[in-house]
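Asker: Below: sequence and its predicted model.
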Amino acid sequence: MKIWLTLQTLTFELASLYLLEQSQMTLALWLAFISSHAIAAASFTGLCWLVLPRVYKTPVIPALAFIYTVAFTMPVLGMLCLASVFIVALYFPKSEQKKRWRYTYNQALPIHPEQLEANQYGYAALKDILLFNPSDEKRLMATNSCRFLPHQQSIPLLKLALTDRADDIRLLAYAVIEKIEFNINRKIALLKRKLEKKPSADTLQRIAESYWELCYLGVAEGPIREFYLAEAQQYLQKASELATSAAIELKLGRILLERQELASAQQHLVLAQEKGLPKRQVTPYLAEVMFGQKHYKEVASLLRSLPARQSDLVTQLKEYWRRAAS
């Protein structure tokens, strides 16, 4: 079959070239040339289809169309180029790499974390070092590296380092947490000076958000945390008196929720939603309020109303309450 298609391709292509060399090309000669060349291109396509491996034959129609189009639109040259490419690919393939793995040495944490490459050591890797690495030096380096992470990631790791058996690691973790708290308190002091010169809702809101940050990050605990939450609530209420907004109502609702003032939290969260905040931002906190008030049917109903595209945690909560309600 391959030999027959090869001879047929050569015969019809040579015939088309012969017709093309005639001195006077009439309409009949042009039609004969096109027909002969088309048959040669079809024979060449069939020959390539028989020769090519299966991996190059899918999808079927685009593969056949590509070979035929190149062979037909470029007489002689198209067939020669495709034949050369296929012969090289079939008989001179790229040699496979016999060694499919590469040995790498264990990399030590650098003393200066700014030397870390991107994504070389993430949150999980540092956590594993702090929990399981027997070397005090490496755990100390991991603790030091936490200083260069975002606060939301570094604080849980630093609190983990506070439970370490080595004094140096505990002292370093405590010093880093103290520095974070000091910087936020200094920011609050600067904002309060600015507020004394010119009262504004924006400054009040930024002070409240700084107090909230101390609680949200977990820097403050116990009575100090309660004091910071009370301060954040006070400044947000003052900001709301000057210029109320949906963002302020949402933040007030979250603070009151943390203080377990559920009825007031619900009022502010509903106001935030009425003032234009998307449901996906407010509904999880409303569901938390309903859970605190032991209105479990409302929890399931609220979570079902959330859009499909949410975080993994919210998706898991939705699935849990769906099963609980069924």
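Answerer: Nice, thanks for sending it over.
Asker: C-alpha from now on. contacts and neighbour counts both.
Answerer: OK.
Asker: and residue 81, what does it touch?
Answerer: Applying Cα atoms under 8 Å, 6 or more residues apart in numbering to residue 81 gives no contacts.
Asker: now it: how far from residue 258?
Answerer: With the distance defined as Cα to Cα, to the nearest Å, residue 81 ends up 73 Å from residue 258.
Asker: Over to residue 163?
Answerer: 26 Å.
Asker: ranges for the helices of the stretch 151-300 of the chain?
Answerer: Ranges of helices in the stretch 151-300 of the chain, per DSSP state H, counting those that start in this stretch, are 151-161, 167-197, 201-216, 222-242, 246-258, 262-274, 279-292, 296-304.
Asker: most tightly surrounded among those helices?
Answerer: helix 246-258 (a mean of 22; mean count of other Cα atoms under 10 Å).
Asker: what's next to that one, contact-wise?
Answerer: 205, 212, 229, 232-233, 236-237, 239-240, 262, 264-269, 271-273, 275-277, 282, 285, 289.
Asker: Ok, stretch 150-158 next?
Answerer: 123, 126-127, 130, 143, 146-148, 173-174, 176-177, 217-219.
Asker: Where does pLDDT dip in the protein?
Answerer: By pLDDT under 70, the weakly predicted segments of the chain are 20, 22-23, 94-100, 103-122, 307-313, 322-326.
Asker: and with 80 instead?
Answerer: Low-confidence segments of the chain (pLDDT under 80): 1-10, 12-34, 37, 45-60, 63-64, 66-68, 70-72, 74-80, 82-124, 303-326.
Asker: quick one, domains of it?
Answerer: 2-91, 123-198, 211-277, 281-326 (automatic domain parsing).
Asker: mind checking which of those is nearest residue 101?
Answerer: Residue 101 lies closest, by Cα to Cα, to one member of the domains of the chain: domain 123-198, at 22.4 Å.
Asker: mind checking how far the closest one is from the chain centre?
Answerer: 26 Å (Cα atoms, centre = their mean, to the nearest Å).
Asker: how far does it stretch from start to finish?
Answerer: Domain 123-198: ends 41 Å apart by Cα to Cα.
Asker: For residue 294, give me phi and psi.
Answerer: phi 60, psi 30 (degrees, to the nearest 10).
Asker: separation between it and residue 319?
Answerer: Taken as Cα to Cα, the span from residue 294 to residue 319 is 19 Å.
Asker: Between the two, which is the more surrounded one?
Answerer: The neighbour count for residue 294 versus residue 319, taken as other Cα atoms under 10 Å, is higher for residue 319 (15 against 11).
Asker: Helix, strand, or coil at that one?
Answerer: helix (DSSP: H, G, I helix; E, B strand; the rest coil).
Asker: From what I see, residue 209 and residue 234 are in contact.
Answerer: No. With contact defined as Cα atoms under 8 Å, residue 209 does not count as touching residue 234 (11.4 Å).
Asker: tell me the contacts of residue 173?
Answerer: 143, 144, 158, 159, 161, 162.
Asker: Kindly report the same for residue 210.
Answerer: 184, 185, 187, 188, 232.
Asker: what's the closest non-adjacent residue to residue 192?
Answerer: Nearest residue to residue 192, sequence neighbours excluded (Cα to Cα, 6 or more residues apart in numbering): residue 207, at 7.4 Å.
Asker: In a markdown table, list the helices of the stretch 151-300 of the chain along with distance to residue 74.
Answerer: What follows is those, written out as a markdown table (distance: least, Cα to Cα, whole Å):
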| stretch | distance to residue 74 |
| --- | --- |
| helix 151-161 | 62 |
| helix 167-197 | 71 |
| helix 201-216 | 69 |
| helix 222-242 | 75 |
| helix 246-258 | 66 |
| helix 262-274 | 66 |
| helix 279-292 | 59 |
| helix 296-304 | 61 |
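Asker: Any idea which of these gets closest to residue 30?
Answerer: Per Cα to Cα, nearest to residue 30 of the helices of the stretch 151-300 of the chain: helix 279-292, 69.0 Å.
Asker: Now that closest one - C-alpha only, CSV.
Answerer: This file holds the C-alpha atoms of helix 279-292, laid out as CSV (Å, rounded to 0.1, in the frame of the first residue of the first chain):
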residue,chain,number,x,y,z
LYS,A,279,-23.6,39.2,50.3
ARG,A,280,-20.5,37.0,50.2
GLN,A,281,-18.7,39.5,52.5
VAL,A,282,-21.4,39.8,55.1
THR,A,283,-23.2,36.5,55.2
PRO,A,284,-20.4,34.4,56.8
TYR,A,285,-20.4,36.8,59.8
LEU,A,286,-24.2,36.8,60.0
ALA,A,287,-24.1,33.0,60.0
GLU,A,288,-21.6,33.2,62.9
VAL,A,289,-24.0,35.4,64.8
MET,A,290,-26.9,33.0,64.2
PHE,A,291,-24.7,30.1,65.4
GLY,A,292,-23.9,32.1,68.6
